[in-house]
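1. here is the input, now give the coordinates:
(2 chains)
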Amino acid sequence: MNVAKANEPAPAALPARKVDWAPLVLVPLLALAALPLVGSTATWTTLTIAALAMGMMIFIMASGLTLVFGLMDVLNFGHGAFITVGAYAGLIAAVPLAGWLASDQLAVNAVALIAIILVAMAVTGLVGYAFERLIVMPVYGQHLKQILVTMGGLIVIQQLVIVLWGPVQIPLAVPQALRGAFFFGDVAIEKYRLTAVVLGLMIFVAMQLVLTRTKLGLLIRAGVENREMVEALGYRIRRLFVGVFVTGSMLAGLGGVMWGFYRETLTPGMGLEVMVMIFIVVIIGGLGSVGGCFIGALLVALTANYMSFLAPKLALGSNIILMVAILLWRAQGLFPVAKRA
Amino acid sequence: MTAPAPAAAPAKGAAMARSSAPRSRLLSAVLVLIFAGLALAPFVFPGSQSLNVAAKICYFIVLAASFDLLLGYTGIVSFAHTMFFGIGGYGAAISLYALAPDWTSLAIGTLAALVVSVLLALLIGLFSLRVRAIFFAMITLAVASAFAILASQLGWLTGGEDGRTFRVPELLRPGTRLMDGTLFGVQINGRLAAYYLVYASMVLLFVTMLRVVNSPFGSVLQAIRENDFRAEAIGYRTVVYRVVINCIAAAMATLAGVLCAVWLRYTGPGTTLSFDIMLDILLIVVIGGMGTLYGAVIGATLFLLAESYLQSLMGAFSAATAGLPVLPQLFHPDRWLLWLGVLFILSVYFFPSGIVGRLRGR
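-> Residues are numbered from 1 along each chain as shown, chains lettered A, B, ... in the order given. From the prediction side, this is the model:
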């Protein structure tokens, strides 16, 4: 940053964007601070990897919510329902492909897993589209009604899931090749968690690339900053928004499948259960910020995992404490996005 | 009209002074019917199931009306209302369980619960009501869910998932005979005394809330709901008003929780803290009519009657369609929330003033 000052930038060149490092440092800081408390390095590594996996899944589920909020100022309380729908829609493919999932061969497993994910994403995308058309569209710009109506949508979808799949919990086994763990000395790393981390990172990177390197991403980010201006420049922000809403729903569906495999059971209330955590993540990250959402998800997952190891009784309150601490530091979240009234 | 205007808000000029009145003959008739029906319930509808329903309607009226103070009058959505309800329930339960089952410990429990609730509401309010409605909704959801887990974890205090069964003061126990013989064929026992305690408290609390919303303070709240920026510009400190009403609503919900505990002689996570109850209140207030308080009365009555009696109807329908696909599941008695959810969404869109608004003919 000093460089720009020293050698007088050419008039055409924009000043380099200032990177806000403080929140980024928070994640490794938190992880390192927990190391002496946990004591054993092996346990710490296992906990950290587990937390990273959990964080990635939360990020995938929360990213759609934060984007939708940022772009259109809609807080979708029904987002949790997409997670449930995603997980259950995965069953549509998982039941006939049960044999493939149980196969010993990695390739067969992978094909089945991909099929499940695609089906889940397609279904949640459709549900998301219908949800946007029927439920959210009539109440743009009216926050109170949005909260009420999306809450109503959540109830209806959750009940429909029960109608279609029944109220009892359904077991969902992790694909054969992803069961068990790798061992590095004392450190045990579950294969499934590692897969989740890789998948989550891929999605984060892909999302960042789309948002920062493509015209579409530029429009989305511009829309987050100032919707009217983008409209005034001749872009149809409505269409953009439907796209983002559907993508966000699909991501929630993907997260739901991953979360379902992680828990190994599906319950109609599973979406609502993670919803609280997702809200905390989105608030911590700064409503509308994808990067903030990523950091927030990691922070929440790390805190939850360390606390449940160190002080199980306190673990439930740890997320709230984390949220309060962060909001006291930055009232608008880690990465505040354009402020609207 | 950019501000969310959920209620029938004819608060203009002369209408403002009379906004406490039901302002419709039909609505007045329904309200009189409900209050009189509840007052005579033990005699008109004898039997323990109907008495249970009547008592539940009573404390749900208080709970839903106190929620309406926030949602309908101030335009803020709180998902922590059951938390305060639960604090009231647990306050009474713990003190009646741990101390003697008499009036003193009930008073101590109620007072302690009120103090905890108001402090918590103050804290949450100061922390999150400065910003937007959405923020408050999310934060209350998070806090309430943490509280529900906390209550089920602190087993030594709350009885965990099983909750606490306790004995109430002697006068209110079912075994207590207050009169020999029967009156209109109904035994005058402690259960009846408990019912009338709940009923009288409900009327008292409801009238108190009517008084609150029809005071100058209440008018400011409605101004904030309609346009908070303008209210602030006129010179009202909106944050203060929001925080105060949040505390009042919390206190009312706490008292409703105490009534619930006294009636059920039991407090557990399922009866007070569950998210389902939060959804019930939301449905009651929106379907009944936001920003009217009367909506809470009508909504709670209809909702609980439906919950108790409509389900058997749905069961019959479900059985009748047993051969068909999906339909039996759609009308399964446990799926009634599905239909209420649909009704809820429709009423937000098409009848934002709820049943009360319909009855008022607007």
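2. could you use CA atoms for every contact and neighbour count after this?
-> Will do.
3. which one is B:Leu255 nearest to, not counting chain neighbours?
-> B:Gly88 (5.9 Å; CA to CA, 6 or more residues apart in numbering or on different chains).
4. can you tell me which residues contact that neighbour?
-> B:Thr110, B:Ala113, B:Leu114, B:Ser117, B:Ala253, B:Thr254, B:Leu255, B:Ala256, B:Gly257, B:Val258, B:Ala261 (CA atoms under 8 Å, 6 or more residues apart in numbering or on different chains).
5. just the pLDDT for the third one.
-> pLDDT, the model's per-residue confidence, is 96 for B:Leu114.
6. just give the number of residues close to it.
-> As a burial measure, B:Leu114 scores 24 neighbours (other CA atoms under 10 Å in any protein chain shown).
7. can you tell me how far it sits from A:Phe59?
-> 39 Å (CA to CA, to the nearest Å).
8. got it, and the fourth one?
-> Computed with CA to CA, the distance linking B:Ser117 and A:Phe59 is 34 Å.
9. compare those two (neighbour count), which wins?
-> A:Phe59 (33 against 26).
10. most widely separated two among the contacts of B:Gly88?
-> For these, the farthest-apart pair by CA to CA is B:Ser117 and B:Ala261; their separation is 16.0 Å.
11. what does the stretch 201-350 of chain B have sitting close to chain A?
-> Applying CA under 8 Å from any CA of the partner chain, we find that the stretch 201-350 of chain B lies next to chain A at B:326, B:329-330, B:335, B:337-339, B:341-342, B:344-345, B:348-349.
12. where do the strands of the stretch 151-300 of chain B begin and end?
-> B:164-165, B:177-183, B:186-189, B:266-267 (DSSP state E, counting those that start in this stretch).
13. can the ones you listed go into a markdown table with extra columns for distance to B:Phe45 and mean pLDDT?
-> Below are the strands of the stretch 151-300 of chain B laid out as a markdown table (distance: least, CA to CA, whole Å; pLDDT from 0 to 100):
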| stretch | distance to B:Phe45 | mean pLDDT |
| --- | --- | --- |
| strand B:164-165 | 27 | 84 |
| strand B:177-183 | 14 | 71 |
| strand B:186-189 | 10 | 76 |
| strand B:266-267 | 24 | 87 |
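14. tell me the most buried of these?
-> strand B:266-267 (a mean of 26; mean count of other CA atoms under 10 Å in any protein chain shown).
15. show me what that strand is packed against.
-> With contacts taken as 3 or more CA pairs under 8 Å, 6 or more residues apart in numbering or on different chains; DSSP states H and E, strand B:266-267 sits against helix B:81-98, strand B:164-165.
16. got any ranges where the stretch 51-200 of chain B has weak pLDDT?
-> Scanning the stretch 51-200 of chain B for pLDDT under 70 picks out the ranges B:131-133, B:181, B:185.
17. what does it have sitting close to chain A?
-> B:75-77, B:133-135, B:138-139, B:141-143, B:145-146, B:149-150, B:153.
18. sitting in strands, which of the residues you listed do you find?
-> Using DSSP state E, the subset of these located in strands is empty.
19. most neighbours among those, which one?
-> Busiest of these [other CA under 10 Å] is B:Gly75, holding 30 neighbours.
20. nearest spatial neighbour of that one, chain-adjacent residues omitted?
-> B:Arg225 (4.9 Å).
21. can you give me the strands in chain A?
-> Under DSSP E, chain A gives strands at A:170-171, A:181-184, A:187-190, A:265-266.
22. packing partners of the second one?
-> Counting contacts by 3+ CA pairs under 8 Å, 6+ apart, strand A:181-184 packs against strand A:187-190.
23. likewise for the third one?
-> Packed against strand A:187-190 by the contact rule (3+ CA pairs under 8 Å, 6+ apart) you find helix A:41-72, strand A:181-184.
24. now do the helices in the stretch 251-362 of chain B.
-> For the stretch 251-362 of chain B, the helices defined by DSSP state H, counting those that start in this stretch occupy B:269-272, B:275-288, B:294-305, B:311-320, B:327-330, B:336-350, B:354-359.
25. let me have those helices in TSV, adding mean neighbour count and distance to A:Gly285 as columns.
-> Output for these, formatted as TSV (neighbours: other CA atoms under 10 Å in any protein chain shown; distance: least, CA to CA, whole Å):
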stretch	mean neighbour count	distance to A:Gly285
helix B:269-272	20	31
helix B:275-288	25	25
helix B:294-305	25	37
helix B:311-320	16	43
helix B:327-330	20	40
helix B:336-350	19	30
helix B:354-359	22	37
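26. can you count the residues close to A:Ala232?
-> For A:Ala232, using other CA under 10 Å, the count is 10.
27. could you do A:Gly243 as well?
-> Neighbours of A:Gly243 (other CA under 10 Å): 16.
28. ok, now A:Pro28?
-> 13.
29. that one and chain B, how far apart?
-> If you measure A:Pro28 against chain B using CA to the nearest CA, to the nearest Å, the figure is 25 Å.
30. let me know the pLDDT of that residue.
-> pLDDT, read off for A:Pro28, is 85.
31. near chain B, which residues of the stretch 151-300 of chain A are found?
-> So far as CA under 8 Å from any CA goes, the stretch 151-300 of chain A lies against chain B at A:152-153, A:155-156, A:159-160, A:163-164, A:276-277, A:279-280, A:283.
32. just the ones in helices from those, please.
-> If you go by DSSP state H, these have A:152-153, A:155-156, A:159-160, A:163-164, A:276-277, A:279-280, A:283 in helices.
33. turn those into CSV, columns for distance to B:Ile277 and neighbour count.
-> Below are those laid out as CSV (distance: CA to CA, whole Å; neighbours: other CA atoms under 10 Å in any protein chain shown):
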residue, distance to B:Ile277, neighbour count
A:Gly152, 14, 27
A:Gly153, 17, 26
A:Ile155, 13, 25
A:Val156, 16, 24
A:Gln159, 16, 25
A:Leu160, 19, 18
A:Val163, 21, 20
A:Leu164, 24, 12
A:Val276, 17, 22
A:Met277, 20, 21
A:Phe279, 20, 24
A:Ile280, 22, 26
A:Ile283, 25, 28
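34. since that was my last question, I'll sign off now.
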